[in-house]
Every structure is written in structure tokens, then in C-alpha cells.
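Novice: next one to model:
(one chain, ligands or ions: 1)
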Amino acid sequence: MDDAPTHVTADGRRVVVAAAIESRGRLLAARRSRPESLAGGWELPGGKVEPGEDPARALVRELLEELGVDIEVVGAVHGPDGGDWPLDDRSVLRVLRARIDRGDPEAGVAHDEVRWLAPRELGSVPWLEPDVAPAAAAALRIDTW
Ligand code: C5P
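Specialist: The predicted structure is shown next:
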């Protein structure tokens, strides 16, 4: 339906979008600086889709706000059921593949460090728990991107 909400799933959970961005065989990871409960955890950068917002558009907005880069969404990293990844009771993580059109990612308001990780370096940072599986799935595909 045209008027189906874009920011929640059919079962009413909030959609959080996250970016799998590859460059030169490495995956972009960012360390949260806030809120305190997440600080120090590494994630695929992203954030909540706002009501009425297209998820890909939301990811473009979040990456510009948080890391100062213009991105283009080019695909998805599908979760266990061919779609979203589990986040918590109220939300799901939708991981979209993207490439950077302009800028170099820099930590800003939500992060205090960014790194480009080779697939074998994925385990060198403490990921937020929901990001562990999608980051591994994204890294597995890096060779084929
Ligand atoms: O970035 P934002 O705070 O809007 O994301 C909403 C919530 O989704 C976070 O509090 C965090 O728990 C979760 N999240 C996550 N992994 C991501 C992005 C967000 O676990 N890559």
C-alpha cells in the first residue's frame, strides 16, 4: 500500500538503518560516543528512520549528520530471514550497502573514532551486539563488491 509507514515494520517495530560501506577491501566502522550505555561500542553507522522518511534517504541523512559524508545506497545486506536483522523487542536493524560519493568519514556528534577494518580485523573492536552478525556478513562479501 502506498500509505504503509516506512519507519516501522509490518509488526510495528521501529526501523533503524545502518550502513555497510566498503572501500579498498575494508569495512567502515564507527565507535559510539553517546549515549553512555552504548559509548565505546562499534557499529555500522546509521540511525532511526523518521516517520514518513524513506529508509535509504534516512541513511543518507544520518551519514551526512554523523560522519560528514555523502553516500549513495547501492543494495542491502540481508538478515537471517532474508530481510532485517534483530535489534531489540521494539526495533530492527536494516543494513544497506552504500558507497561514499563525497567526503572522508570523520567522527562528529555521535562517534569518537572511525576505522576501516579489513575482514580479518573485524574482531579487533568491540561491536555493539546487534552489529556483530551483519558486520560479519558484510565483510564476507567484500571481495565480491
Ligand atoms: O543511532 P541511533 O541512536 O538513532 O540508533 C538507535 C538505536 O539503535 C541505538 O540506540 C542503538 O541501540 C541501535 N543501533 C545499533 N546498531 C547500529 C545503529 C543503531 O545497535 N548500527
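
Novice: drop to CA atoms for contacts and neighbour counts, all remaining ones
Specialist: OK.

Novice: and the closest residue to Arg31 other than its chain neighbours, what does it touch?
Specialist: The shortest distance from Arg31 to any non-neighbouring residue, by C-alpha to C-alpha, 6 or more residues apart in numbering, is to Trp42 (4.2 Å). Residues touching Trp42, when contacts are defined by C-alpha atoms under 8 Å, 6 or more residues apart in numbering, comprise 29-32, 125-128.

Novice: which two among the residues you listed are spaced furthest apart?
Specialist: Distances among these were taken as C-alpha to C-alpha; the most separated pair is Arg32 and Val125, at 11.9 Å.

Novice: in terms of neighbours, single out the busier of these two.
Specialist: Neighbour totals were compared for Arg32 and Val125, and Arg32 leads with 26 against 16 (other C-alpha atoms under 10 Å).

Novice: okay but the more buried one is in contact with Gly47, surely?
Specialist: No - at 11.7 Å, Arg32 does not count as touching Gly47 under the criterion of C-alpha atoms under 8 Å.

Novice: around His7, how many other residues sit close by?
Specialist: Number of residues near His7 (other C-alpha under 10 Å) recorded here: 22.

Novice: residues contacting it?
Specialist: By C-alpha under 8 Å, 6+ apart, the contact list for His7 reads 14-15, 48-55.

Novice: if we use 6 Å, what do you get?
Specialist: The neighbourhood of His7, defined by C-alpha atoms under 6 Å, 6 or more residues apart in numbering, consists of 14-15, 49-51.

Novice: wait, what's in contact with the residue in the chain that the ligand sits nearest to?
Specialist: Ranking the residues of the chain by distance to the ligand (C-alpha to the nearest ligand atom) places Gly47 first, at 3.5 Å. Contacts for Gly47 (C-alpha under 6 Å, 6+ apart) come out as 16-17.

Novice: let's see 10 Å
Specialist: 15-19, 55, 58-59, 61-63, 66, 93-94 (C-alpha atoms under 10 Å, 6 or more residues apart in numbering).

Novice: do you know how far the residue nearest to Arg31 is from Ala135?
Specialist: Separation of Trp42 from Ala135 (C-alpha to C-alpha, to the nearest Å) stands at 10 Å.
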